[in-house]
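Colleague: any chance you could fold what I've pasted below:
(2 chains)
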Amino acid sequence: MNECVLVVDDDREIVKAIGLLLEKEGYQVLKAYDGMEALELVAEHPVRLIIMDVMMPKLDGLSAVMKIRERKNLPIIVLSAKSEDTDKVLGLSMGADDYVSKPFNPQELAARVKSHLRRYTSLGDIHAQQQADEIHNGRLCYCMEERTLYADGEPVKLTATETRIVDLLMRNRGRIFPAEEIYQRVWEEEAFAPENTVMVHIRRIREKIELNPKEPEYLKVVWGIGYKMEKIENHC
Amino acid sequence: MDTKWRKLRIIVSFASFFLGMTLLLGNFLSMLSLIGSRPENLKSRIGTDYQEHPDFRLYMSSRLEELLGVATGGKGWNNYGVCFEGDSYYFYDRYYDGYYENYPWEATTVVQEAESVCEKEPSVEASEDGEAVAEGIPAEQGIAEERWEEIQREFGIADDTLDALKREFGVSDNGVPKSQKEALEAYMKEYARDKNLRYAVIYQGKLLYTNMEQLEPKVGQELNNPDFQGYLPAEEEYNFCLWYNEKGDGKVRISKDGRELDVYGDGVYTEDSLWYVPGYTNFNVDESAEDAVIFMAAARNPKLYITGNYSEYGAVQSGGGLYWMEKQQISRYERYQAVKWKLLAALFLLTLSVLLWKDKRRADAAVGKFLGRVPTEPKILLFVGVPLVFLFTGGREILRELIWLYEDGVYMSMEELGYYAGQLAVRGAFLTAVFWMVYLGVLDLRVNKGNRKSLLGPVIRSMRAKELKLSVQRRMVERYCQVFVPAVLFSVFSVTAALYYRVRDFYWNEPGIVLLILALVSGVLLLVSGVRNLRRNKELAKDLGALADQIAAIREGNLTGRLHLPEDADLKTAAENLNEIQQGMETALQEQTKSERMKVELVANVSHDIKTPLTSIVSYVELLKQEEDLPEHVKEYVQILGEKSERLKTMVQDVFEVSKAASNQLPVNLEQLDLGKLLRQTLADMNVQISQSGLAMRTTIPEAPVMIVADGQRLYRVFQNLIQNALKYSLSGSRIFLTLTDEGSVAVANIKNTSGVELDDGVDFTERFVRGDASRTDGGSGLGLSIARSFTEACGGTFKVELNADLFTVTVVFPKVC
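Modeller: Below is the predicted model:
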């Protein structure tokens, strides 16, 4: 399909590495080394996604993101060496769709690119005509009737127990469930030391739905309290 | 030129004010006494005519009374003579100049004594003398020679004085008492010498005595209602004539300058009547006086008559009464004139100063400024001392007289005024002095407000400065002595004075006074130093309180508020030292905070700078991994590169977080959570690692929730690190014990493990980059425990590491939420 991805970073090696990775995944890659160049390329080419570093000469990443956002509605992934929560919030509020802190896992970055593009291109219409029996949450979508979870539009293969856990958590996004409750409601029997059992399943689900299971975005542990499905607004 | 003129005006304004005020006040009282006199006497005080003066009226009526006595032959002519009970003679003779003053008081006593002697022992003395003389005058009325000697002895009278007394008190030179007749003749002889007062005495139609030369040949003849004025010598002018009983009605007629005077007014004598002569309805003469006719004429300009009576006692001024009276009147008149002019001058000068009031204000300011240069002490001494000296010298008298003047001024006679004339000047001076003292004092106060120059000031200041150099304790001891010494002195002096007076009774003598003064002075000293000490101690107590508060505040961590004590406070040095300590602490703290912040910034920058190349490394390792036709051993190298770059990534992140936590800049999101659940979750999360380690995990976590407040994410990292640590360093095959106990107010989590290698006791394992084995060859960053401690403390818990032989214990304590 040769979708066009713009990679912007003042570090040429990083741009080259990301380019190689993405080209292997089958994307067409445009390269820019500062904000101004990025703006020009965006204006000239049909760019579908942008990977943008924050700290760059001439025009920094966040300003460039703001400028691009004025005209184009396309997924932007921000790269930064800063990993503070405040930096993340700032980046996202400026109009970025995703935030990846350096040093990143190349596989993860590729997965994110894929995820965003899928949602942006093939699933764009689905969001518009939301159906009553579907629960959308970021790149996840749970169809209650089918009892199927879709990640980036692709169905996720879950076991029966996992499906029940996902069913519970997706229906109550944002709510924190103690392990005991999850156990009782999923296994439907009295809980005894449920923590391990629940955790094992949670971990397995994470590996299926999260882009980086070590830093989960959706299925989170609330330490000392329980587990929850993070409620994520759709950016597109 | 202009400034010169202005300067002159200023000088003139103040000089005129000064002179005017001084003149006004100096003569004010004299004027007051003038104004205060009776209206009918006012004329006599502002004119030169002595005949207008009350003294003249008194004189004339006394003479009339006397001549009436002479005419009737009664004792009345000399009611108060020596043997004849009277001092009129003296009055007459010596009137001219302060009769009362010159009268020897001893003589009065002698006279009284003599009288009593006469009364007691008349017969004895008379018979012994054997020379009682003539015509109904009893011999016993004279005084015996022995008696005179006795009197002389008794009163210590000098010989010549005695002679004069003898002569005058009716004893002839040979010791024979004079008869009344002789005395009368002698008296009238003296009387006649005064030509200022012409008189004629007629009794039962016969002329008895006169000093009018043209009438003298007729003495002893019948004389019926003569025209006395016609006999007055032409060369003198007698403008004042008085007739008594001219028409046989017992009344007095007076003419002055040919004009009849109204003698009797409404005919009733009162205290206020001008003439003390018979003829009022309530002031009649007896039968004997009805036969007398008397004429008196006073000269317009009296002269001084002197008789050279050398056979007896030399030249004698006789009958100077009217002469001196006129003299006095003129001098008085002149004095009043002078007062008048002085007052006018004062008014003029004051008016001038009022007209120049602007200049005078400047002059006042200049004078005040000058006064400001004079030290305070002499001024106070002057202000208090002058009135005191005045009071203790003649001042009391003068004040009393001032009061009298105020109360009795209206009735004060001219004699009294004359007597006080000198003192009036003193009073004026006193008034003036008081006025200027008050005026200058007020000026000084107004101009030099709070800007005093003091003589003692520098001395006191230097003493204070010297005192301030001493240490606090020395100063306090000295201050105690300052009270103690006067106290001892006061007790000694007062007790001695009391004992002294007990022994000596109360007697106002010098040792007693000295003792009392010493006691008083030391008492005042004691009071002053006591009050001063009390005040300073109060200040000291206040400062001490402030110092204690300040220390408490510093202990609480307030390093900005400084303690400011007054410059002369006893604890000034201590306060300053404390401030410096505080300053030092504050600076140190700021430095520390600053360096921590800089460290964090440095770490942040460094980690950022490391992350960028690391990104490339990670990315290219990934690309390498994707190469398929690599030899097997190269794939292994790539694998190692991947692992190490991954670890580097973790370490960079850890270093950053630890440095942030160390400088208290770690953001924490505190919420209530169950520590037991957190531990179970952590264990569940690390289940794989634990089971792979080959170590056994023994956990004791209560089922009941143990609620604490912490940041769950951070606390998870804490226990994750601790468990990882335990897994990594435990002796293989040994057990790790994780226990959570609920100890009422706190929750205590405990992880024990047996160390695989021998650990060096006394090492702080929570220090950054400290590791149990020194080789650093294992996979840890050396930050695990450090991060655990930092995060625990950031969440409000305490973190403790203990090593007992090979037993490694970490204890994390959090306060429980009730």
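Colleague: tell me which stretches of chain A form helices.
Modeller: Remark: helices assigned in chain A by DSSP state H are A:12-24, A:35-44, A:61-71, A:85-93, A:106-121, A:124-128, A:160-171, A:179-187, A:195-209.
Colleague: make TSV from those and add mean pLDDT to it.
Modeller: Shown next, in TSV, are these (pLDDT from 0 to 100):
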stretch	mean pLDDT
helix A:12-24	89
helix A:35-44	87
helix A:61-71	86
helix A:85-93	79
helix A:106-121	84
helix A:124-128	51
helix A:160-171	88
helix A:179-187	87
helix A:195-209	88
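Colleague: reformat these as a markdown table; add mean neighbour count and distance to residue B:784.
Modeller: For every residue, glycine as well, the C-beta is placed using N, CA and C. As requested, the helices of chain A are arranged in a markdown table below (neighbours: other CB atoms under 10 Å in any protein chain shown; distance: least, CB to CB, whole Å):
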| stretch | mean neighbour count | distance to residue B:784 |
| --- | --- | --- |
| helix A:12-24 | 18 | 30 |
| helix A:35-44 | 17 | 40 |
| helix A:61-71 | 18 | 34 |
| helix A:85-93 | 14 | 22 |
| helix A:106-121 | 19 | 25 |
| helix A:124-128 | 11 | 44 |
| helix A:160-171 | 18 | 32 |
| helix A:179-187 | 19 | 26 |
| helix A:195-209 | 19 | 22 |
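Colleague: as CSV, the ones you listed with distance to residue B:717 would be great.
Modeller: Formatted as CSV, the helices of chain A follow (distance: least, CB to CB, whole Å):
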stretch, distance to residue B:717
helix A:12-24, 29
helix A:35-44, 36
helix A:61-71, 29
helix A:85-93, 15
helix A:106-121, 21
helix A:124-128, 36
helix A:160-171, 24
helix A:179-187, 20
helix A:195-209, 17
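Colleague: how about those helices, which one is nearest residue B:53?
Modeller: Closest to residue B:53 of the helices of chain A is helix A:85-93 (CB to CB; 118.5 Å).
Colleague: which strands or helices does that closest one pack on?
Modeller: Helices and strands touching helix A:85-93, as assessed by 3 or more CB pairs under 8 Å, 6 or more residues apart in numbering or on different chains; DSSP states H and E, comprise helix A:61-71, strand A:76-80, strand A:98-101.
Colleague: in a markdown table: the ones you listed, plus distance to residue B:260.
Modeller: Below are the helices and strands packed on helix A:85-93 laid out as a markdown table (distance: least, CB to CB, whole Å):
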| stretch | distance to residue B:260 |
| --- | --- |
| helix A:61-71 | 136 |
| strand A:76-80 | 141 |
| strand A:98-101 | 142 |
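Colleague: closest to residue B:437 out of those?
Modeller: Closest approach to residue B:437 among the helices and strands packed on helix A:85-93 is made by helix A:61-71 (88.7 Å; CB to CB).
Colleague: which residues touch the closest one?
Modeller: Defining contact as CB atoms under 8 Å, 6 or more residues apart in numbering or on different chains, one finds that helix A:61-71 is touched by A:8, A:35-36, A:38-39, A:42, A:50, A:52-56, A:59, A:74, A:76, A:78-80, A:90-91, A:94-96.
Colleague: for the most centrally placed residue in chain A, give me its contacts.
Modeller: With distances taken as CA atoms, centre = their mean, residue A:112 lies nearest the centre of chain A, 5.8 Å away. By CB under 8 Å, 6+ apart, the contact set of residue A:112 is A:77, A:98, A:100, A:211.
Colleague: closest to residue B:512 among those residues?
Modeller: Residue B:512 has its nearest neighbour among the contacts of residue A:112 in residue A:100, at 110.3 Å by CB to CB.
Colleague: can you tell if the longest helix seen in chain B touches chain A?
Modeller: Longest helix of chain B, by residue count under DSSP H: helix B:572-626. Yes. Helix B:572-626 is in contact with chain A by CB under 8 Å from any CB of the partner chain, via B:607-608, B:611-612, B:614-620, B:622-623, B:626.
Colleague: which elements pack onto that helix?
Modeller: helix A:12-24, helix A:106-121, helix B:510-556, helix B:632-662.
Colleague: export those to TSV and tack on distance to residue B:335?
Modeller: Output for the helices and strands packed on helix B:572-626, formatted as TSV (distance: least, CB to CB, whole Å):
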stretch	distance to residue B:335
helix A:12-24	127
helix A:106-121	129
helix B:510-556	44
helix B:632-662	107
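Colleague: ok, which of those comes nearest residue B:73?
Modeller: Closest to residue B:73 of the helices and strands packed on helix B:572-626 is helix B:510-556 (CB to CB; 64.4 Å).
Colleague: the closest one vs helix B:572-626, what angle?
Modeller: Here the directions of helix B:510-556 and helix B:572-626 differ by 10 degrees (axes from the mean of the first three to the mean of the last three CA atoms, to 10 degrees).
Colleague: quick check, distance from helix B:510-556 to the centre of its chain.
Modeller: For helix B:510-556, the separation from the chain centroid amounts to 21 Å (computed by CA atoms, centre = their mean, to the nearest Å).
Colleague: which parts of the chain belong to which domain?
Modeller: Just going to use chain A. Domain ranges of chain A: A:4-121, A:131-229, per automatic domain parsing.
Colleague: please refer instead to chain B.
Modeller: Domain ranges of chain B: B:197-301, B:457-554, B:575-665, B:667-815, per automatic domain parsing.
Colleague: what secondary structure does residue B:810 sit in?
Modeller: strand (DSSP: H, G, I helix; E, B strand; the rest coil).
Colleague: what's the answer for residue B:666, then?
Modeller: coil.
Colleague: element containing the residue nearest in space to the middle of chain B?
Modeller: Centroid-nearest residue in chain B: residue B:380, 9.0 Å away (criterion: CA atoms, centre = their mean). Element membership for residue B:380, per DSSP states H and E: helix B:376-390.
Colleague: centroid-wise, who is the farthest residue in the chain?
Modeller: No chain specified, so I'll use chain A. The centre of chain A is farthest from one residue, residue A:190, which by CA atoms, centre = their mean lies 35.6 Å away.
Colleague: ah, no, chain B please
Modeller: Residue distances from the centre of chain B (CA atoms, centre = their mean) peak at residue B:629, which lies 114.2 Å from the mean C-alpha position.
Colleague: can you list the residues of chain A near chain B?
Modeller: Checking chain A against chain B by CB under 8 Å from any CB, the hits are A:11, A:13-14, A:17-18, A:20-21, A:24, A:81-83, A:85, A:102-107, A:178-179, A:193, A:195-196, A:198-200, A:203, A:221-226.
Colleague: what residues are up against residue 50?
Modeller: Using chain A here. So residue A:50 contacts A:5-8, A:38, A:42, A:65, A:68, A:74-77 (CB under 8 Å, 6+ apart).
Colleague: wrong one, I was asking about chain B
Modeller: Residues in contact with residue B:50, defined by CB under 8 Å, 6+ apart, are B:44, B:56, B:302, B:322, B:325-326, B:328-330.
Colleague: one step back: just the contacts of residue A:112 now: which is nearest residue B:546?
Modeller: Closest to residue B:546, out of all of these and judged by CB to CB, is residue A:100, at 59.9 Å.
Colleague: wait, isn't the closest one in contact with residue A:76?
Modeller: No. Taking contacts as CB atoms under 8 Å, residue A:100 lies outside contact range of residue A:76: 11.2 Å.
Colleague: between those two, who's got more neighbours?
Modeller: residue A:76 (27 against 22; other CB atoms under 10 Å in any protein chain shown).
Colleague: is that one bridged to anything, and to what?
Modeller: In this entry, residue A:76 is beta-bridged to residue A:50, by DSSP bridges.
Colleague: and the residue in the stretch 1-150 of chain B that chain A sits nearest to, what helix or strand is that in?
Modeller: At 77.2 Å from chain A, residue B:3 is the closest residue in the stretch 1-150 of chain B, using CB to the nearest CB. Element membership for residue B:3 (DSSP H and E) is helix B:2-35.
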